[in-house]
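> turn this into a structure:
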Amino acid sequence: MTVKRTVTLSRSWKSWAGSVADLRRLGDETEKHVQAKKEALLRAFDTESQSELEEIEKAKTGSAQEFELDWARESRASKRKDLEDRIALKAKLVDSAGIAEGSLSEIIQEFDHRSFNSVFYEADLGRSYEEDLSISLRKFGPKPGIELTISSTDQAWARQAFSHLSDEIAKGVPKWASMRSDGPRRAVALGMFLVVSVSIGFMHYRLLGPSAQAWTTFVSAIGLGLWPVIAIYSPLWSYIFPPLDVHGEGGSSTGSRRLAFILGIFLTIALGVFVNLIS
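Presented below is the predicted three-dimensional model:
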């Protein structure tokens, strides 16, 4: 008995940004791999079923052979159609209006970048339901961002498809994607806390002079320094750096625009503080 080993490959990205056309392109590339797998399975099925028909021809004669061959051909046609229908890329859209399921083209036509919550590309990949491919794009939930998972007994195909689709997804990962990771987020929070606290402390001392009480300066600096930290660990951070940012044709990433706006405000405040300190 031949041992079949299933390989499962999975990877997630914390952020993805692109146009509706980019979303369609990712679906098209996924569909190419599903189609290649489908053709390979159908070829294997045809070879196997043809061998079964040849065995019947050798083992049976006369009316018994004709009856069994007819039955085998009908069974073969039914199984082949079931396999052909099952192995196809299916898309699902979750938006403010509800859930829509259909082909890639149908879902892209239904897609509205202003109201969607999640998009899923899914396909069964074998005669068992244990083999599948899925790409999930989520704005919200326990795993926001984009996730790719492939399970298949055909390890060579699985690794090739996984590598290619990972590269396609990576094209849409924005430069600020690392800001959704814990390390950079903590570094920004610490940096903002130090900058604001030190700036407030200097301003407090400059306004009140030597008469300023140390504990008042300390409390003011720490208290105001915590505000940007609170903002960084609030939903505002996901608003600035969204896990999923799909824009219309001709548009640009809202994450990039929001980041530029926030940096502009921060630099304006920092420049004002610096001018006050040296004047």
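
> distance of Val7 relative to Lys92?
Distance, Val7 to Lys92, by CB to CB, to the nearest Å: 25 Å. Backbone N, C-alpha and C define where each C-beta goes, glycine included.

> where does the prediction get shaky in the stretch 1-150 of the chain?
1-3, 53-54, 56-65, 67, 69, 127-130, 142 (pLDDT under 70).

> what ranges do the helices span in it?
20-59, 62-86, 104-110 (DSSP state H, counting those that start in this stretch).

> which one of the ones you listed lies closest to Lys143?
When these are ranked by distance to Lys143, counting by CB to CB, first place goes to helix 20-59 at 17.5 Å.

> okay, Pro235: pLDDT?
In this prediction, Pro235 carries a pLDDT score of 80.

> Pro243 versus that one, what's the distance?
With distances taken as CB to CB, Pro235 is found 12 Å from Pro243.

> same deal with Trp237?
Taking CB to CB as the measure, Trp237 and Pro243 are separated by 11 Å.

> same thing with Leu267?
Here Leu267 is placed at a distance of 26 Å from Pro243 (CB to CB).

> which non-adjacent residue is nearest the most centrally placed residue in the chain?
Nearest residue to the geometric centre of the chain (CA atoms, centre = their mean): Ile146, 1.1 Å. In this structure, Ile146 finds its nearest non-sequential neighbour in Trp16, 4.4 Å apart by CB to CB, 6 or more residues apart in numbering.

> tell me the contacts of the one you found?
The contact partners of Trp16, by CB atoms under 8 Å, 6 or more residues apart in numbering, come to 137, 145-146, 169, 172-174, 177, 243-245.

> bridged to Leu133, which residues?
As for beta bridges, Leu133 partners with Ala123, Ile150 under DSSP bridges.

> what number of residues lie near it?
Leu133: 24 surrounding residues under other CB atoms under 10 Å.

> same check, this time on Thr149
Thr149 sits with 16 neighbouring residues when counted by other CB under 10 Å.
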